[in-house]
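[1] Give me a model of this one.
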Amino acid sequence: MHEHREETYLIVFDGKCVFCSGFAQFITKHDKAGVFQFVTAHSAMGRDLYLKHGLDPDLMETNIVIIGDKAHIKMQAFSAAFSQLGWPWKIAKVLDIFPRGVMNWVYDQIAQNRYRFGRQACPMPSPELKAKIIE
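    Numbers count the residues shown, from 1 in each chain. You can find the predicted model right below:
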């Protein structure tokens with residue numbers, strides 16, 4: 001008999017970035033199954049996850065979406081998270097057909113300029129998102 005293990009659905013995000021926080025808020029709002037949990041990149045757990053996946057926790061140049069045992073970064077993180085939401089949002093999975101190098105370049109351009117659009121000194125997550133942040 002196999003032991004049933006719940007699958008992990010975790011998003012590590014930069015809580016000071018308007019785009020990243022908006023992404024987390026969007027996922028929370030549209031996650032009808034309620035599977036995703038969140039960790040801010042600034043927390044000890046967030047920093048540890050960045051290091052575990054070979055990323056610089058001080059740069060925070062990507063969100064990390066962990067589904068099961070697989071970590072997704074950059075544009076694949078976006079695609080992986082949206083693919084769990086159901087229709088019409090899971091259509092974002094089509095982003096995976098484009099060359100990874102091109103999609104990561106696009107993601108990097110946005111990430112490198114993310115604070116130009118605003119920085120949240122004291123981010124105020126929605127009550128729904130706040131309830132899903134585990135650290």
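
[2] Would you point out the helix or strand in the protein whose mean pLDDT is lowest?
    Counting by mean pLDDT, DSSP states H and E, the chain has its least confident helix or strand at helix 127-132, which shows a mean of 74.

[3] any weak-confidence spans in the protein?
    1-6, 113-126, 135 (pLDDT under 70).

[4] Residue 132: neighbouring residues, count only.
    21 (other CB atoms under 10 Å). Any C-beta I mention is one placed from the backbone N, CA and C, and that applies to glycine too.

[5] I'd say it and residue 40 touch.
    No - counting by CB atoms under 8 Å, residue 132 does not reach residue 40; the two are 11.5 Å apart.

[6] What are the boundaries of the helices in this structure?
    Secondary structure of the chain (DSSP state H): helices at 18-30, 44-52, 74-82, 100-112, 127-132.

[7] Just name the most buried of those helices.
    Among these, ranked by average contacts under mean count of other CB atoms under 10 Å, first place goes to helix 74-82 (a mean of 21).

[8] now that helix, how far from the chain's geometric center?
    7 Å (CA atoms, centre = their mean, to the nearest Å).

[9] what do you get for stretch 36-56?
    The answer for stretch 36-56 is 10 Å, by CA atoms, centre = their mean.
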